[in-house]
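>>> coordinates only, sequence not included:
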């Protein structure tokens with residue numbers, strides 16, 4: 001009930017947006033004054049703190065999310081860089097009409113600077129590149145985006161909510177006039193307006209051309225590094241209010257081959273959407289900062305869960321994990337995709353312990369011949385036909401799953417007494433992990449069929465899924481019967 005006014009306002013804006021003559025509809029209101037101590041900021045840094053650039057790097061200020069902020073609650077900015085040679089003339093910042101005095105006695109100043117923040121809400125038809133257009137429009141007015149929240153309706157409309165600073169006064173009349181002029185200048189480029197060129201009326205065609213998955217770098221906040229790879233690093237970040245994982249390719253390693261692989265991974269991620277496949281959010285495709293953004297998986301990898309956290313799985317949990325993996329892989333294979341690097345390190349868990357297939361860095365669409373020959377993957381999980389550089393197909397992923405299943409049952413790293421190369425040479429000659437004692441016989445039978453040397457003897461993921469789900473039902477029934485007694 002404390003958000004009734006917001007709900008009514010949003011409903012009104014969406015209703016107004018149904019009129020093509022009025023799109024985009026917008027509403028502006030003053031939110032609050034944020035306070036910061038001014039004794040650690042010179043005039044150049046102070047101006048920068050109000051510019052769109054401060055949104056890019058995230059280093060100059062600490063933004064308190066709107067749901068944690070109260071009106072007139074001071075927000076302390078993080079310290080800026082060291083101040084040296086501050087014998088500068090008095091200057092005036094036209095944005096905030098504050099005199100910033102810098103003298104040799106600068107450090108004695110303890111002034112408080114008030115920064116008004118406003119909320120700007122847009123409503124129009126939901127189309128690709130809309131967020132980028134709105135961001136550019138706000139930047140043209142001189143506003144700095146502190147937060148952005150975007151919502152889409154089932155009938156094709158959008159509601160974009162921005163928290164901004166950079167407008168010097170609380171009163172919104174001047175800002176409304178500036179917005180009216182900016183929207184008028186940009187009217188023809190806005191999707192869904194009555195002035196839009198006919199060429200963008202076909203939504204599917206527009207999406208294909210512009211790529212609605214392209215990430216606006218200004219809205220992407222990079223946090224802590226959570227993993228390192230040979231050619232890039234994985235970071236935790238935020239994008240439009242949601243936690244994300246960001247894989248950034250190192251610019252010093254970029255070459256034609258790596259850029260081709262990056263493009264291939266983006267192409268595959270754009271095509272997949274399944275409960276057991278990590279969700280693709282978007283990508284930055286402009287060199288040299290190539291990056292891929294996916295949902296953040298707080299549960300970490302199955303590899304860490306088993307081998308670093310030393311968890312031993314109960315049979316029912318083991319089967320749930322295995323079924324999740326199979327369903328994700330079954331979906332990929334149905335869409336003619338080979339993962340080629342299926343292993344527990346590439347199987348991630350969400351907050352509900354749902355397992356999702358991740359990391360499509362070496363995944364490929366199955367070519368028309370139905371086979372491949374490149375040696376790709378990780379030796380301990382790699383099928384013998386891949387190691388031998390023989391033609392292979394989707395059944396190579398089934399072999400890798402057999403090793404994953406063995407890991408889930410044994411809670412051990414495969415071939416842990418060997419180097420990866422020794423393990424690969426052994427697999428070529430018929431070596432397989434030692435069967436775990438006291439494991440369910442149906443699981444042992446399944447993993448042995450999945451790691452058969454001859455690919456055509458291995459079951460498909462749809463067959464494996466059926467077997468595992470049947471076994472899971474049997475285990476659940478047995479458990480209920482025991483508990484009932």
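Okay, I see it. Quantities reported herein were computed from a predicted structural model and do not represent experimental measurements. Residues are numbered from 1 along each chain as shown.
>>> alpha carbons only for contacts and neighbour counts from here, please
Will do.
>>> Let me see the contact set for residue 135.
For residue 135, the contacting residues are residue 145, by C-alpha atoms under 8 Å, 6 or more residues apart in numbering.
>>> ok, it to residue 450 distance?
The gap separating residue 135 from residue 450 is 51 Å, by C-alpha to C-alpha, to the nearest Å.
>>> and the strand or helix carrying residue 135, which residues are buried?
Here residue 135, judged by DSSP states H and E, is contained in helix 130-141. Within helix 130-141, the residues that count as buried by 16 or more other C-alpha atoms under 10 Å are 130-132, 134-135, 137-139.
>>> Walking through the stretch 251-400 of the chain, point out its helices one by one.
Listed in chain order, the helices of the stretch 251-400 of the chain (DSSP state H, counting those that start in this stretch) span 256-271, 302-303, 315-334, 384-387, 395-410.
>>> Need the three-state assignment for residue 236.
Classification of residue 236 by DSSP: H, G, I helix; E, B strand; the rest coil places it in strand.
>>> tell me which residues form a beta bridge with it?
According to DSSP bridges, the residues that bridge with residue 236 are residue 245.
>>> Might you report the residue contacts of it?
Contact partners of residue 236, counting by C-alpha under 8 Å, 6+ apart, are 222-226, 243-246, 296.
>>> try 10 Å
Residue 236 makes contacts with 221-227, 243-247, 293-298, as judged by C-alpha atoms under 10 Å, 6 or more residues apart in numbering.
>>> Mind checking which of those are buried?
Counted by 16+ other C-alpha under 10 Å, the contacts of residue 236 give 221-222, 243-247, 293-298 as buried.
>>> Rebuild those as JSON lines, extending it with distance to residue 363.
Output for these, formatted as JSON lines (distance: C-alpha to C-alpha, whole Å):
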{"residue": "221", "distance to residue 363": "27"}
{"residue": "222", "distance to residue 363": "26"}
{"residue": "243", "distance to residue 363": "25"}
{"residue": "244", "distance to residue 363": "21"}
{"residue": "245", "distance to residue 363": "19"}
{"residue": "246", "distance to residue 363": "18"}
{"residue": "247", "distance to residue 363": "16"}
{"residue": "293", "distance to residue 363": "17"}
{"residue": "294", "distance to residue 363": "16"}
{"residue": "295", "distance to residue 363": "18"}
{"residue": "296", "distance to residue 363": "20"}
{"residue": "297", "distance to residue 363": "20"}
{"residue": "298", "distance to residue 363": "23"}
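>>> Look at the closest residue in space to residue 239 that isn't next to it in sequence and say how many residues are nearby.
What sits nearest to residue 239 in space, not counting adjacent residues and going by C-alpha to C-alpha, 6 or more residues apart in numbering, is residue 220, at 4.9 Å. Residues near residue 220, counting by other C-alpha atoms under 10 Å, number 21.
>>> correct me, but residue 220 touches residue 281?
No: with contacts counted by C-alpha atoms under 10 Å, residue 220 stays clear of residue 281, the gap being 11.4 Å.
>>> so where's the stretch 201-350 of the chain uncertain?
201-212, 230, 252-253, 288 (pLDDT under 70).
>>> The stretch 1-150 of the chain now?
1-2, 36-113, 128-129, 132.
>>> and with 90 instead?
1-15, 17-25, 31-117, 122, 124-150 (pLDDT under 90).
>>> Check the stretch 351-485 of the chain too.
Applying pLDDT under 90 to the stretch 351-485 of the chain flags the ranges 351, 359-378, 388-389, 391, 420-421, 437-438, 476-485.
>>> quick check: angle from the helix or strand hosting residue 243 to helix 256-271?
For residue 243, the host element (DSSP H and E) is strand 242-249. With axes from the mean of the first three to the mean of the last three C-alpha atoms, to 10 degrees defining the directions, strand 242-249 sits at 160 degrees from helix 256-271.
>>> what distance separates strand 242-249 from the centre of its chain?
Remark: strand 242-249 is offset 5 Å from the chain centroid, using C-alpha atoms, centre = their mean, to the nearest Å.
>>> helices and strands around it, which ones?
strand 220-228, strand 232-239, helix 256-271, strand 280-284, strand 291-295 (3 or more C-alpha pairs under 10 Å, 6 or more residues apart in numbering; DSSP states H and E).
>>> Which among the ones you listed is found nearest to residue 411?
Nearest of those to residue 411, taken as C-alpha to C-alpha: strand 220-228 at 22.1 Å.
>>> Just checking: what are the partner strands of that closest one?
Short version: by DSSP bridges, strand 220-228 pairs with strand 232-239 (antiparallel).
>>> Nearest residue to the residue most central in space within the chain in space, please, no chain neighbours.
Central residue of the chain (C-alpha atoms, centre = their mean): residue 294, 2.7 Å from the mean position. Spatial nearest neighbour of residue 294, chain neighbours left out: residue 280 (4.5 Å); criterion: C-alpha to C-alpha, 6+ apart.
>>> thought that neighbour was touching residue 292?
Yes: contact criterion C-alpha under 10 Å: residue 280 and residue 292 qualify, at 8.1 Å.
>>> Tell me which residues of the lengthiest helix in the chain come out buried.
Ranked by residue count, the top helix of the chain under DSSP state H comes out as helix 461-484. Across helix 461-484, burial judged by 16+ other C-alpha under 10 Å covers 461, 464-465, 468, 471-472.
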